[in-house]
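>>> Got a sequence here, can you model it:
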Amino acid sequence: MSKKRRRIPARHVQATPVVPLRTRYKILLPFGVVTLATVVATAIFFVISSSPKPSTVSKSPSSDSSLPAFSKLVLMSKEEIAKQDIALLNLRSAEGLPGSEKLNVRDTLHELDRWADRVRFETDRNFHQFAKKPGEFQNSEAYFRMLLLVTVLQQDYSVHYNVARVKDVDFTKSEDLFIHGMIGSKNGGTCVSMPVLYTAVARRLGYPAFLVNAKEHVFCRWDGRGERVNVEGTNKGMNTFEDMHYMSWPHPISQNEVERGIYLKSLSMSESFSLFLASRGHCLEDNDDCPNASVSYSLAVKHSPTNPNYRSFLRRLVKPKTIEDFPELVAEQEAIRRKIFDLPSVPVITLRQHTACPIHNLS
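Below you'll find the model as predicted:
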């Protein structure tokens, strides 16, 4: 290990680049609860046939055989999902997508463990800076620890934002949406994947880190041990903003949406899994695989049933049947109509209501 003094970048306020999470809910179609339930059940069958906040340190299992497969993860209960590694959930959600052909989940998790060990070493080695001058770190140990984490990952492992996605939004490549695009790859990440990487490393260190949804944006949050720090690490270095910042950036959020838990809440593991499943759906949909995309969206609904965004994604692909979807029936009805109108006209008998019976006029 180098004994060179770690250069901790000063806080800056440059706006964080954003890859928007799909706003696929602008056009809402009628969709019943029964239909959604049917789709979710169908999705679970398809997956089977085709293949409280954590406080403990998350480490990857020792062998690939001990890692639950995607088909097992999607069937787990909320309590079972809570025990899983967030990095595993993310990587399993990327399997089978374009850009994941070389993905080895076990090796990627072990590399992530190694990165966490390096962050731990550098944090301990530089902790004296916080002890001597806490004011330079907002008098917050949580801020200092997350700043060291982001700094080490960026400086030592070249974790960076894929600048090509700032103006050219593209959901066809899994490397832009999942963490394998930053581990053993020069691709880089986006606001969908970089907060997941920071959260995964932080949890390996025992930090109370969680993902948080803003509108079309995701960030990492330290939420525990008496502190709450929002972490933005998509630029060089780290920014931190209060929740009020996200009420208007990158898109306005209503107070009602916050109170309903749609945005700005620390996500549970199950809710985080839904986020990954929705990203999987976006990738599949933009690669013209709408049947499998609808499966992913329905699984996102299963693990976060109260989030309306995932239902909106699903509605775009799974539309209710109309008469136009049955051309043979339409043709049969047209034949009957023509047959009826070709018959001789039938006199129309009109019933009139009289105010008095004629017999009443007899004298």
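>>> Please enumerate the helices of the stretch 251-363 of the chain.
For the stretch 251-363 of the chain, the helices defined by DSSP state H, counting those that start in this stretch cover 255-259, 269-286, 290-303, 308-317, 327-342.
>>> got any ranges where the stretch 51-200 of the chain has weak pLDDT?
Applying pLDDT under 70 to the stretch 51-200 of the chain picks out residues 51-65.
>>> ok, 50 please
Low-confidence segments of the stretch 51-200 of the chain (pLDDT under 50): 51-56, 62-63.
>>> Same check on the stretch 251-363 of the chain?
In the stretch 251-363 of the chain (pLDDT under 50), the answer is 346, 348-363.
>>> The helix or strand where Arg221 lies pairs with which strands, parallel or anti?
Using DSSP states H and E, Arg221 sits within strand 217-224. Note on strand 217-224: by DSSP bridges, its sheet partners are strand 209-214 (antiparallel), strand 227-231 (antiparallel).
>>> Pull out the buried positions in stretch 231-247.
Neighbour counts over stretch 231-247 (16 or more other Cβ atoms under 10 Å) mark 231-235, 237-241, 243, 246-247 as buried. Placement of C-beta: from N, CA and C, glycine included.
>>> Stretch 123-130 too?
123, 126, 129-130.
>>> Quickly name whichever of those is closest to Val318.
Nearest to Val318 among the buried residues of stretch 123-130 is Thr123, at 46.9 Å by Cβ to Cβ.
>>> how deep is the residue lying closest to that closest one once chain neighbours are set aside tucked in, by neighbour count?
Nearest non-adjacent residue to Thr123, counting by Cβ to Cβ, 6 or more residues apart in numbering: Leu148, 4.6 Å away. Residues lying near Leu148 (other Cβ atoms under 10 Å) number 24.
>>> Leu148 and Thr172, how far apart?
In this view, Leu148 and Thr172 are 35 Å apart by Cβ to Cβ, to the nearest Å.
>>> So for stretch 231-249, mean pLDDT?
On average, the pLDDT along stretch 231-249 is 97.
>>> farthest pair in the buried residues of stretch 231-247?
Gly237 and Met247 (23.8 Å).
>>> Grab the CA positions of stretch 220-232 and hand them over as PDB.
Extracted in PDB, the C-alpha atoms of stretch 220-232 (Å, rounded to 0.1, in the frame of the first residue of the first chain):
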ATOM      1  CA  CYS A 220     -27.200   7.200  -2.100                       C
ATOM      2  CA  ARG A 221     -28.000   8.100   1.500                       C
ATOM      3  CA  TRP A 222     -26.300   7.500   4.800                       C
ATOM      4  CA  ASP A 223     -29.300   7.000   7.000                       C
ATOM      5  CA  GLY A 224     -28.500   5.900  10.600                       C
ATOM      6  CA  ARG A 225     -26.400   6.200  13.700                       C
ATOM      7  CA  GLY A 226     -27.900   9.600  14.300                       C
ATOM      8  CA  GLU A 227     -27.000  11.100  10.900                       C
ATOM      9  CA  ARG A 228     -28.600  11.500   7.500                       C
ATOM     10  CA  VAL A 229     -26.400  12.500   4.600                       C
ATOM     11  CA  ASN A 230     -27.500  12.500   0.900                       C
ATOM     12  CA  VAL A 231     -24.500  11.400  -1.300                       C
ATOM     13  CA  GLU A 232     -24.000  12.600  -4.900                       C
END
